[in-house]
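K.L.:
model the following, please.
(one chain, ligands or ions: 1)
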Amino acid sequence: MPLQVIVGAQWGDEGKGRIVDWFAAQADFSARFNGGDNAGHTVTVGSRIFKLHLIPSGIIHPQIVAILGNGMVINPSTLFDEMDLLNQAGISVSPERLRLSYAAHLITPAHQALDKALEASRGKGNIGTTGRGIGPAYTDKAARRGLRLADTLAPNFCERLHNHVVDANRILGMLGAPELDPAPVCEHYQEYAARLKPHIADTSLELHAALQAGKTILAEGAQGTLLDIDFGTYPFVTSSSTTAPGALIGLGLGLVAAEVARGIGVVKAFQTRVGSGPFPTEVFDDLALRLRGTGEHPWDEYGTTTGRPRRVGWLDGVLLRYAVRINGISELAVTKLDILSGLENIQLCTAYRCDGKLFTDLPFGPADLSPYEPVYEQLPGWKENVSAVRTWAGLPLAAKAYLERMTSLAGVPVRLVSVGPEREQIVNRQ
Ligand code: IMP
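P.N.:
Residues are numbered from 1 along each chain as shown. This is a model prediction of the structure:
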């Protein structure tokens, strides 16, 4: 399909970077459509590990043009750090290869300060944000006072930025947080503006032209379905549309593109979450440590952006089925199957119970999961190390049974299975 949309089917950190990397080998464009540097994509190529927060991970492939779409909020400081890192690794980030939508919004130090101050003011009820200024930047966008990349080219940019910091200071003052001096912010952002300029474009136009010319686009979702502003575990969500249809808006693609699109849902073989909010299948103690890892490996369950230990649990089939519906996912890519090797039994949540009734769909979505108790099906585990397996036939019988059960709960097939952190450690079922 000309448009492949890769989205997380859980609470983010599903290992989308790996799967994007696999599809990117065949694509012409790699585009991000939501979020900002709250995301963290890790791609391992040989001994090199790339941790990218803003630039689509497809950029690692030399034929790719990378797009940061209009649905994003961009912190230029992070962007330039990543550009420098990639340049040093010999990966070009020239204006021809890295295109930024004129309509994407800027993140400023005032947004970051507000994010932290608002979180502190929420006390125990905090969301557990990444502190990157994501919520306040989208708040400004919705309030129609945000600064877009195109604004950096206007003669009054500095004045608008100054006013933005002064406005933010009023709220920071009310929250009892330190205020910011607008002068250095304006100075830095004027320098940033000059460096951003050659990259700023009408990326919607460029992507439409690409589709018409028969090129293929990989849309990289950040975070996951259950963190979506509309469909996630609200209010414990991020502030953008993380789901596959969000790619059409966040890239300016329109409905014609939907006719040539395919949604690929990335799902970890178990469940993880960072930050606060409901997590019905969460586990604790020894089992949690077993699933999370100790933190000594880059693939252990610690946040790429914040370093926080992730909460872990058994796979939630009810929420997976929900994610398939909301996104229009047609196939699944299952990651980290290797982590389950060696467990005697595996629990899989197949339904929720509430007041003696069973639910496989939720009457009001996943926002309030407190009345529900997960109903588990126990499947036998497998002892074999699967990290060298490259074919479906080569997987242990119990692993295949687990993946088949996942398929029957989700209602769509498993196409890819990752069995280790390296690029080639993938089983393609097709
Ligand atoms: P924010 O996006 O920084 O506002 O954070 C809102 C919620 O989304 C918090 O629970 C974060 O931990 C979570 N979150 C944001 N980005 C990611 C991500 O890339 N992976 C996993 N969780 C994320």
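K.L.:
which residue sits farthest out from the middle of the protein?
P.N.:
residue 356 (35.6 Å; C-alpha atoms, centre = their mean).
K.L.:
just the pLDDT for that one.
P.N.:
Residue 356 is assigned 96 on the pLDDT scale.
K.L.:
can you check residue 90 too?
P.N.:
Reading off the model, residue 90 has pLDDT 91.
K.L.:
what is the burial count for it?
P.N.:
7 (other C-beta atoms under 10 Å). All C-beta spots, glycine's among them, are computed from the backbone N, C-alpha and C.
K.L.:
for it, helix, strand, or coil?
P.N.:
Under DSSP: H, G, I helix; E, B strand; the rest coil, residue 90 falls in the coil class.
K.L.:
now the one 10 residues further on
P.N.:
Per three-state DSSP, the secondary structure class of residue 100 is strand.
K.L.:
neighbours of it, how many?
P.N.:
With other C-beta under 10 Å as criterion, residue 100 counts 25.
K.L.:
show me the contacts for it.
P.N.:
Counting by C-beta atoms under 8 Å, 6 or more residues apart in numbering, residue 100 touches 67, 68, 74, 149, 196, 199, 200, 201, 203.
K.L.:
returning to that earlier point: tell me the contacts of the residue farthest from the centre of the chain?
P.N.:
With contact set as C-beta under 8 Å, 6+ apart, residue 356 has no partners.
K.L.:
could you pull up phi and psi at it?
P.N.:
Dihedral pair for residue 356: phi 80, psi 0, per degrees, to the nearest 10.
K.L.:
and the longest strand for the protein?
P.N.:
When the chain is parsed with DSSP state E, its longest strand is strand 345-354.
K.L.:
could you look up the next helix or strand downstream of that one?
P.N.:
On the C-terminal side of strand 345-354, the nearest following helix or strand under DSSP states H and E is strand 357-359.
K.L.:
the closest residue to the ligand within the stretch 251-400 of the chain: neighbour count?
P.N.:
Here the residue of the stretch 251-400 of the chain nearest the ligand is residue 275; by C-beta to the nearest ligand atom that distance is 2.3 Å. By other C-beta under 10 Å, the residues close to residue 275 number 20.
K.L.:
look up the closest residue to it, ignoring the ones flanking it.
P.N.:
Using C-beta to C-beta, 6 or more residues apart in numbering and skipping residues adjacent in sequence, the residue nearest residue 275 is residue 128, 2.9 Å away.
K.L.:
residues contacting that neighbour?
P.N.:
Each residue near residue 128 by C-beta under 8 Å, 6+ apart is listed here: 119, 236, 274, 275, 276, 277, 308.
K.L.:
gap between it and the ligand?
P.N.:
Separation of residue 128 from the ligand (C-beta to the nearest ligand atom, to the nearest Å) stands at 4 Å.
K.L.:
same thing with residue 425?
P.N.:
In this view, residue 425 and the ligand are 22 Å apart by C-beta to the nearest ligand atom.
K.L.:
quick one on the thing from earlier: show me what contacts the residue of the stretch 251-400 of the chain closest to the ligand?
P.N.:
127, 128, 129, 236, 308.
K.L.:
how does it look with 7 Å?
P.N.:
Counting by C-beta atoms under 7 Å, 6 or more residues apart in numbering, residue 275 touches 127, 128, 129, 236.
K.L.:
the helix or strand bottoming out on mean pLDDT in the chain pairs with which strands?
P.N.:
The weakest-scoring helix or strand in the chain, judged by mean pLDDT, DSSP states H and E, is strand 41-45 (a mean of 75). Here strand 41-45 has these sheet partners by DSSP bridges: strand 48-52 (antiparallel).
K.L.:
and the partner strand, what's buried?
P.N.:
Buried positions in strand 48-52, judged by neighbour count with 16 or more other C-beta atoms under 10 Å: 50, 52.
K.L.:
what's whichever helix or strand comes after it packed up against?
P.N.:
As assigned by DSSP H and E, the chain's next helix or strand after strand 48-52 is strand 65-68. Counting contacts by 3 or more C-beta pairs under 7 Å, 6 or more residues apart in numbering; DSSP states H and E, strand 65-68 is packed against strand 29-32, strand 98-101.
K.L.:
so which of these is nearest residue 325?
P.N.:
With C-beta to C-beta as the criterion, residue 325 lies closest to strand 29-32 of these, at 23.6 Å.
K.L.:
got the residues of the stretch 51-200 of the chain near the ligand?
P.N.:
127, 128, 129, 130, 132, 134, 135 (C-beta under 6 Å from any ligand atom).
K.L.:
now, which of those sits nearest residue 215?
P.N.:
Closest to residue 215, out of all of these and judged by C-beta to C-beta, is residue 134, at 30.2 Å.
K.L.:
pull the number of nearby residues for the closest residue to that closest one other than its chain neighbours.
P.N.:
Leaving out its chain neighbours, the residue that sits closest to residue 134 by C-beta to C-beta, 6+ apart is residue 38, at 4.9 Å. Neighbours of residue 38 under the rule other C-beta under 10 Å: 28.
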